[in-house]
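J.: Next come a sequence and a model predicted from it.
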Amino acid sequence: MKELGKLLMMAGNFKREDCLVIGGGHVATRRIGKILDVVRHITVIAPNVTDTIAKWAQNGRLVWLERDYSPGDEEGYSFIIVATNESSVNLEVVHRLRHHHVFLNVADHPEESNLWFVSEVDVSPVRIGISSSGCNPSLSKKLRIALEADLEDGGNRFVQYLQSIYNKSKD
Ligand SMILES: C[C@@]1(CC(=O)O)C2=NC(=C\c3[nH]c(c(CCC(=O)O)c3CC(=O)O)Cc3[nH]c(c(CC(=O)O)c3CCC(=O)O)/C=C3\N/C(=C\2)[C@@H](CCC(=O)O)[C@]3(C)CC(=O)O)/[C@H]1CCC(=O)O
Ligand SMILES: NC(=O)c1ccc[n+]([C@@H]2O[C@H](COP(=O)([O-])OP(=O)(O)OC[C@H]3O[C@@H](n4cnc5c(N)ncnc54)[C@H](O)[C@@H]3O)[C@@H](O)[C@H]2O)c1
């Protein structure tokens with residue numbers, strides 16, 4: 001795993017951003033799931049997509065362009081997720097965006113991204129983000145699952161405190 005250095009954790013407002021996702025496989029599906037209700041509009045470009053993405057397209061949650069990426073597709077988008085399984089395609093997009101100020105997430109080259117995804121625990125209205133700074137995403141996932149399990153049975157003080165905030169917010 002590459003060492004990404006220290007990252008800044010912030011809460012983002014993407015309501016005005018139009019997102020382009022290049023690639024429609026498992027990584028794209030996971031990340032689209034996280035931004036569906038967060039960005040203004042999502043376009044997916046990929047010759048094949050998962051059943052989940054196809055369903056989102058059918059339901060009008062996003063637009064799927066059923067074809068390969070071609071240079072220039074990225075024009076007009078402020079948030080771009082690059083997640084094809086063709087490393088050369090991913091790097092071509094990175095290269096073309098070098099002088100653009102866009103939010104960029106590249107699945108197989110995290111060091112080229114300016115935005116990394118985190119594991120999320122939703123205790124609405126509180127959201128807890130977990131990041132290993134790219135060192136160990138599996139560990140982030142395990143911590144998320146452990147926290148969610150705690151949340152289910154109110155097992156410790158931290159989670160009980162969160163639960164009390166949650167219950168108050170419902171009153
Ligand atoms: C949070 C989550 C969001 C999401 O992806 O949606 C996420 N990864 C998740 C899962 C996951 N990722 C990987 C596995 C298989 C591991 C295995 O098999 O051991 C699993 C587990 C699984 O899939 O079950 C592989 C992997 N991931 C990265 C690389 C490095 C590379 O590609 O170089 C490799 C290849 C490593 C290798 O194999 O060497 C990099 C990144 N992954 C990140 C986020 C960012 C850093 C976040 C952090 O540091 O915490 C960053 C930088 C991407 C970015 O955001 O740009 C999601 C958990 C969601 C949840 O909570 O469930
Ligand atoms: N960072 C992470 O968390 C992580 C985890 C696993 C895999 N990866 C990397 O992410 C990438 C994607 O992984 P995946 O499991 O989603 O792959 P996948 O095989 O499930 O999906 C690949 C997608 O890319 C599309 N595609 C291929 N060529 C294309 C082109 N020219 N233009 C547009 N779309 C094209 C395919 O149609 C498909 O939808 C791989 O490079 C993999 O190494 C990253």
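T.: Everything's here; your move. Ligands and ions are numbered 1, 2, ... in the order given.
J.: Can you name the residues of the chain sitting close to ligand 1?
T.: When proximity is defined as C-beta under 6 Å from any ligand atom, the chain approaches ligand 1 at 1-2, 30-31, 105, 108, 110, 113, 116-119, 131-134, 137-138, 140-141, 144. Every residue, glycine included, has its C-beta placed from N, CA and C.
J.: In helices only, show me the residues you listed.
T.: 30-31, 137-138, 140-141, 144 (DSSP state H).
J.: could I get the residues you listed as CSV with pLDDT, distance to ligand 2 and neighbour count?
T.: Shown next, in CSV, are those (pLDDT from 0 to 100; distance: C-beta to the nearest ligand atom, whole Å; neighbours: other C-beta atoms under 10 Å):
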residue, pLDDT, distance to ligand 2, neighbour count
Arg30, 97, 8, 14
Arg31, 98, 9, 18
Pro137, 92, 6, 18
Ser138, 91, 10, 10
Ser140, 92, 10, 20
Lys141, 92, 10, 13
Arg144, 91, 14, 17
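J.: which one among those residues gets closest to Val63?
T.: Arg31 (16.4 Å; C-beta to C-beta).
J.: count of residues packed around the residue lying closest to that closest one once chain neighbours are set aside?
T.: Nearest residue to Arg31 in three dimensions, chain neighbours excluded: Ile81, at 5.6 Å (C-beta to C-beta, 6 or more residues apart in numbering). A count of nearby residues for Ile81, using other C-beta atoms under 10 Å, gives 26.
J.: can you check Val126 too?
T.: The burial count for Val126: 11, using other C-beta under 10 Å.
J.: go on, Ser78?
T.: 16.
J.: so it makes contact with Gly12?
T.: No: counting by C-beta atoms under 8 Å, Ser78 sits too far from Gly12 to count as a contact (11.7 Å).
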